[in-house]
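> only geometry, no sequence info:
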């Protein structure tokens, strides 16, 4: 199913269709403030397996992130102290992937071994924000990558549909994404550590 959703004024009817796909154990491709992503609900093991098959990866070599609506939702799944909360409030929503200690709400299989950390995002994108608001839950998410295809080919919903449409339950066409990756920051050990410089400014972490 290809859903053509307006990037500034998302149609409520189509947002509900996207939510229905996720709630019925489907997998969904959607735009973010970095690139197109693919995701499913927490606890949807079949969905996770299908996503890994599309990416041609094993569960041991790849970790999913939690796509959250806001800082309140993020704090439900990650341990955030007061200084970190103030820092995150200043940068979110935005193009950041944050590594934080996970709470008991995070299934063990989603935590990075030994460190008990999890990756989280609060995207600054109207469409996925609308989906998350209606879903009232985070999305288990990862960047859309398909071996054998260049990144630019996965920045057009119609092309994505041609490539993997038969393997997913829904694709949101929200126009082209920036394709510049998120900035990855590890906040799990106190002092912020920038693991990857991307779109997001690192000024506040210095």
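That came through fine. The structure displayed is predicted, hence computed values, not measured ones.
> could you list the low-pLDDT ranges of this structure?
60-61 (pLDDT under 70).
> ok, which stretches of it are helices?
Using DSSP state H, the helices found in the chain span residues 12-23, 45-55, 71-77, 82-91, 126-135, 157-164.
> so what's the closest residue to residue 200 other than its chain neighbours up against?
Of all residues not flanking residue 200 in the chain, residue 183 sits nearest, at 3.5 Å (Cβ to Cβ, 6 or more residues apart in numbering). Bear in mind the C-beta positions are built from the backbone N, C-alpha and C, glycine included. By Cβ atoms under 8 Å, 6 or more residues apart in numbering, residue 183 lies in contact with 95, 96, 97, 194, 196, 197, 198, 199, 200, 201, 202.
> residues making contact with stretch 46-56?
25-27, 38-41, 58-59, 62, 64, 140, 142, 145-147, 164, 167-168.
> buried stuff in that stretch?
47, 48, 50, 51, 52, 54, 55 (16 or more other Cβ atoms under 10 Å).
> where exactly do the strands run in the chain?
2-4, 28-30, 37-40, 65-67, 96-101, 117-121, 139-143, 170-173, 183-186, 193-196 (DSSP state E).
> and the angle for the fifth one with strand 139-143?
In other words, strand 96-101. With axes from the mean of the first three to the mean of the last three Cα atoms, to 10 degrees applied, the angle from strand 96-101 to strand 139-143 works out at 120 degrees.
> now do strand 96-101: everything it contacts.
Outside strand 96-101, the residues that reach it (Cβ under 8 Å, 6+ apart) are 65, 74, 78-80, 84, 88, 112, 116-122, 182-188, 195-196, 200.
> strands paired with that strand, and their directions?
strand 117-121 (antiparallel), strand 183-186 (parallel) (DSSP bridges).
> now swap in the fourth one and tell me
Within its sheet, strand 65-67 is paired with strand 117-121 (parallel), strand 139-143 (antiparallel), according to DSSP bridges.
> distance to residue 106 added to the strands paired with strand 96-101, as a markdown table?
Formatted as a markdown table, these follow (distance: least, Cβ to Cβ, whole Å):
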| stretch | distance to residue 106 |
| --- | --- |
| strand 117-121 | 5 |
| strand 183-186 | 16 |
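> could you say which of those strands is packed most deeply?
Mean neighbours per residue, mean count of other Cβ atoms under 10 Å, is largest over the strands paired with strand 96-101 for strand 117-121, with a mean of 25.
> for that strand, give me every contacting residue.
32, 63-68, 74, 77-78, 96-102, 106, 110-112, 141, 182, 184, 186, 188.
> tell me how far it lies from the chain's centre.
10 Å (Cα atoms, centre = their mean, to the nearest Å).
> by how many degrees do that strand and helix 126-135 diverge?
Going by the same axes, to 10 degrees, strand 117-121 makes 120 degrees with helix 126-135.
> could you check the angle strand 117-121 makes with helix 82-91?
30 degrees.
> mind telling me the two of the buried residues of stretch 46-56 farthest from one another?
47 and 55 (12.8 Å; Cβ to Cβ).
> returning to what we had before: let's have the strands of the chain in TSV, adding distance to residue 10.
Converted to TSV, the strands of the chain look like this (distance: least, Cβ to Cβ, whole Å):
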stretch	distance to residue 10
strand 2-4	10
strand 28-30	11
strand 37-40	16
strand 65-67	16
strand 96-101	23
strand 117-121	19
strand 139-143	16
strand 170-173	9
strand 183-186	26
strand 193-196	29
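> many thanks, have a good one.
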